[in-house]
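starting from these lines, generate the structure:
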Amino acid sequence: MPAEPIRPRRTLLPLEAHAADNLQFIRETMERAASFTAVPGWGGVVMGITALGAGVIAVGQTSREAWLITWLAEAIVAFAIAACAMVWKARAARVPLLTAAGRKFALSFAPPLLVGVLLTVVLYQAGLTATIPGMWLMLYGTAVVAGGSFSIQVVPLMGLCFMVLGAAALFTPESWNNWFMVSGFGGLHIVFGVVIARRYGG
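Just a heads-up that it's a prediction; the model follows:
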């Protein structure tokens, strides 16, 4: 009778290690599937209110440069508000801010904004400041749509509204630019901010 081949003895993992590996896999899978929910609702409302104030200040400026500086200052203020509001919302919900979905949101949101910064410099140097508001609205909307693909469903819709406003601003008289800026960065932020806050917790 032929001898059976000697098979290598399998090393069994301890039950605890096997369970930990399974839990780690489940956790990573859920994180990848989760949406970025730290988009600030009430923070968006505050951003909209400051934009309304910026619009009131900007309309009284006597030069394009002063008008542009007013809205650039508002952009810095709005960015600070959004960052603080996202941190607050994530802490209130006791969830990490930089989940896989959060990182994807940030990496999708940032490039259109960086393009907007560069185009602002180029258009200003070329004396084409009248086209800057439309460009801002469209690229901000693009950023929101791109980032919103990893977030709650209402976020991409908000981005599309910004893009529509930006496109309209490019084909209307320059005197309308301030109202488009107020309608977008003020009105849309307030309306969608309230929706996000009520439906998705703050």
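
give the next helix or strand downstream of the least confident helix or strand in the chain by mean pLDDT.
Lowest on mean pLDDT, DSSP states H and E among the helices and strands of the chain sits helix 15-33, with a mean of 54. For helix 15-33, the succeeding helix or strand toward the C-terminus, using DSSP states H and E, is helix 41-59.

got the buried residues for the longest helix along the chain?
In the chain, assigned by DSSP state H, the helix with the most residues is helix 64-93. For helix 64-93, burial by neighbour count (16 or more other CB atoms under 10 Å) applies to 67-68, 70-71, 74-75, 77-78, 81-82, 85-86, 89-90. Where you see a C-beta, it was placed from the backbone N, CA and C, and this is true even at glycine.

can I get those residues in TSV with distance to Val164 and pLDDT?
Below are those laid out as TSV (distance: CB to CB, whole Å; pLDDT from 0 to 100):
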residue	distance to Val164	pLDDT
Trp67	23	94
Leu68	23	94
Thr70	24	96
Trp71	19	96
Glu74	21	96
Ala75	20	94
Val77	25	96
Ala78	20	94
Ile81	24	93
Ala82	22	89
Ala85	25	85
Met86	25	81
Lys89	27	76
Ala90	30	74
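
Ser183 and Ala168 touch, don't they?
No - taking CB atoms under 8 Å as the definition, Ser183 is not a contact partner of Ala168, at 9.5 Å.
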